[in-house]
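Q: no sequence for this one, just the structure:
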């Protein structure tokens with residue numbers, strides 16, 4: 001099993017530059033108002049303006065991202081983004097919507113889907129998202145602070161395609177969302193679901 005390795009914030013490439021960025025031991029990123037990622041389903045629009053800091057993610061690897069945010073703007077979101085291309089990607093993390101904090105994932109293969117469940121008790125926690133890449137799937141887990149890992153999603157994902165992953169944030173309805181990312185780490189993928 002490969003050793004865990006912290007990924008320097010300078011090792012990634014942004015899909016779209018944030019409005020502001022401070023790089024230190026942690027990474028503070030401020031989203032541009034109107035930023036989001038979505039394709040077609042239910043809403044009829046395509047948004048391709050998320051802020052995702054990406055580095056390669058190979059089959060057999062996992063990536064973890066830890067973060068905190070104020071969670072007070074409609075549809076504020078942060079987590080991990082996994083991208084093959086414009087039409088094949090996944091975003092998983094937390095999103096503040098309708099006065100609740102939701103833990104979920106959007107998986108896109110031409111069209112987006114969305115799965116979500118409330119985690120209001122996580123609002124003041126440091127949240128960690130973990131994505132493991134298998135030969136045919138992404139396995140998504142999450143936890144608050146040092147709590148137990150929670151399985152979020154098992155999603156089909158092309159193991160033959162080159163993909164990148166890393167921290168992401170978006171603020172579809174407002175300016176001023178700043179997310180503090182505290183850790184970005186690469187390790188071996190989970191080998192079991194249960």
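A: Yep, it's here. Quick caveat: nothing in here was measured; it's all calculated off a predicted structure. Numbers count the residues shown, from 1 in each chain.

Q: centre-most residue in this protein?
A: residue 80 (1.8 Å; C-alpha atoms, centre = their mean).

Q: how much space between that one and residue 33?
A: Separation of residue 80 from residue 33 (C-beta to C-beta, to the nearest Å) stands at 22 Å. Where you see a C-beta, it was placed from the backbone N, CA and C, and this is true even at glycine.

Q: hang on, the earlier thing: right, and the residue nearest to the centre of the chain touches residue 167 too?
A: Yes - here residue 80 reaches residue 167: they are 6.8 Å apart, a contact under C-beta atoms under 8 Å.

Q: circling back: so what's the residue nearest to the centre of the chain up against?
A: 63, 65, 91, 92, 93, 129, 130, 131, 165, 166, 167, 168 (C-beta atoms under 8 Å, 6 or more residues apart in numbering).

Q: got those as JSON lines, with distance to residue 114, secondary structure and neighbour count columns?
A: Converted to JSON lines, those look like this (distance: C-beta to C-beta, whole Å; DSSP: H, G, I helix; E, B strand; the rest coil; neighbours: other C-beta atoms under 10 Å):
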{"residue": "63", "distance to residue 114": "21", "secondary structure": "strand", "neighbour count": "25"}
{"residue": "65", "distance to residue 114": "20", "secondary structure": "strand", "neighbour count": "27"}
{"residue": "91", "distance to residue 114": "10", "secondary structure": "strand", "neighbour count": "28"}
{"residue": "92", "distance to residue 114": "11", "secondary structure": "strand", "neighbour count": "28"}
{"residue": "93", "distance to residue 114": "12", "secondary structure": "strand", "neighbour count": "27"}
{"residue": "129", "distance to residue 114": "16", "secondary structure": "strand", "neighbour count": "25"}
{"residue": "130", "distance to residue 114": "20", "secondary structure": "strand", "neighbour count": "22"}
{"residue": "131", "distance to residue 114": "17", "secondary structure": "strand", "neighbour count": "30"}
{"residue": "165", "distance to residue 114": "19", "secondary structure": "strand", "neighbour count": "28"}
{"residue": "166", "distance to residue 114": "21", "secondary structure": "strand", "neighbour count": "27"}
{"residue": "167", "distance to residue 114": "20", "secondary structure": "strand", "neighbour count": "30"}
{"residue": "168", "distance to residue 114": "15", "secondary structure": "strand", "neighbour count": "33"}
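
Q: turn those residues into CSV, including distance to residue 44 and pLDDT.
A: Converted to CSV, these look like this (distance: C-beta to C-beta, whole Å; pLDDT from 0 to 100):
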residue, distance to residue 44, pLDDT
63, 31, 98
65, 30, 98
91, 19, 95
92, 23, 97
93, 24, 97
129, 28, 98
130, 32, 98
131, 28, 98
165, 28, 98
166, 29, 98
167, 28, 98
168, 23, 98
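
Q: just the closest of the residues you listed to residue 194, please.
A: residue 130 (15.2 Å; C-beta to C-beta).
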